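J.: For reference, the sequence and a predicted model appear below.
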Amino acid sequence: MGTAAALPSQILSQLQWRQEDITEYLNTGIRSLDHVIEGCPRGRITEIVGSASSGRTSLLHSILAEATRLGEFCAVVDTTNSFDPVSAEAAGVNLRALVWIRCNGDIEHAVKAADLLVHSGGFGVIALDFCDLSRRATQKIPLSWWYRFSRAVEKTPSVFVVLETEPSAKACASLVLEMRREEAGFTGLRPFSRLDVARFQAHVRKPPRPSPAGFSAAAATGG
């Protein structure tokens with residue numbers, strides 16, 4: 001009799017190759033971008049980086065709008081009190097399903113607030129906004145905190161989004177999007193001209209993709 005046949009079925013089942021968990025995604029709400037990346041991975045860290053007015057906030061609003069449309073609760077940790085609920089609502093975000101935490105420029109407060117949110121569970125999207133902080137300030141965050149976030153969020157269906165100028169999470173991030181503003185449309189005559197719409201490009205830095213995805217957004221949604 002062969003060795004395999006002599007083993008109990010329970011042991012044989014444990015010897016089978018372990019199947020990898022299937023990653024689920026939340027659409028960004030931008031069709032051209034979702035076609036490239038499938039959306040933001042749940043249970044993972046997504047970094048959205050770029051300079052001011054590059055489209056970071058516009059993309060975040062679209063992600064929040066998609067999540068709240070699905071009936072999910074979301075949270076924004078607003079480090080420098082720059083989140084604009086009016087423009088977020090105009091972009092389709094259901095503010096009744098949004099927790100907004102203002103940190104008055106205290107980066108330590110922001111990191112601890114995000115940690116509590118991740119470990120509490122129940123959120124479709126948790127956004128940590130470092131957009132208006134200096135690169136020097138975000139570099140002071142120990143790498144151990146990013147590993148802590150990564151381990152905590154992988155046990156949840158949440159999308160953990162970090163907005164900043166340059167990537168900080170390094171290997172802990174599963175998706176890194178670099179935003180750039182391609183062009184802008186103005187109405188009226190200077191100095192009273194008004195920015196109505198801007199076109200942005202999202203370059204996928206991790207995992208690398210050969211070509212960017214472009215999209216347009218109302219200028220009121222910010223950077």
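T.: That came through, no problem. Keep in mind that what you see is a predicted model, and the values were worked out from it rather than measured. Numbers count the residues shown, from 1 in each chain.
J.: Where does pLDDT dip in this structure?
T.: Within the chain, the segments meeting pLDDT under 70 span 1-21, 183-197, 216-223.
J.: which residues sit in contact with the residue most central in space within it?
T.: Nearest residue to the geometric centre of the chain (C-alpha atoms, centre = their mean): residue 161, 2.6 Å. Residues near residue 161 by C-beta atoms under 8 Å, 6 or more residues apart in numbering: 40, 45-48, 60, 63, 125-128. For glycine as for every other residue, the C-beta is placed from the backbone atoms N, C-alpha and C.
J.: So which bits of stretch 110-124 are buried?
T.: For stretch 110-124, the neighbour count (16 or more other C-beta atoms under 10 Å) marks 110-111, 113-115, 117-118, 123-124 as buried.
J.: so how far is that stretch from its chain's centroid?
T.: 14 Å (C-alpha atoms, centre = their mean, to the nearest Å).
J.: that older thread, from the contacts of residue 161, which land in helices?
T.: The members of the contacts of residue 161 that map onto helices under DSSP state H are 60, 63.
J.: ok, the contacts of residue 161 vs residue 72, which is closest?
T.: residue 125 (7.1 Å; C-beta to C-beta).
J.: wait, isn't the closest one in contact with residue 67?
T.: Yes - the pair residue 125 / residue 67 is scored as a contact, 4.6 Å apart, by C-beta atoms under 8 Å.
J.: Tell me the residues that contact both of those two, please.
T.: Taking C-beta under 8 Å, 6+ apart as the criterion, residue 125 and residue 67 both touch 26, 74, 159.
J.: The second one bridge partners, please.
T.: Same thing as residue 74. Counting by DSSP bridges, residue 74 is bridged to residue 98, residue 125.
J.: Likewise for the first one?
T.: Partner residues in beta bridges with residue 26: residue 40, with DSSP bridges as the criterion.
J.: could you pull out the strands for the chain?
T.: Secondary structure of the chain by DSSP state E: the strands cover 25-26, 40-41, 44-49, 74-78, 98-102, 125-129, 159-164, 173-187, 194-206, 213-218.
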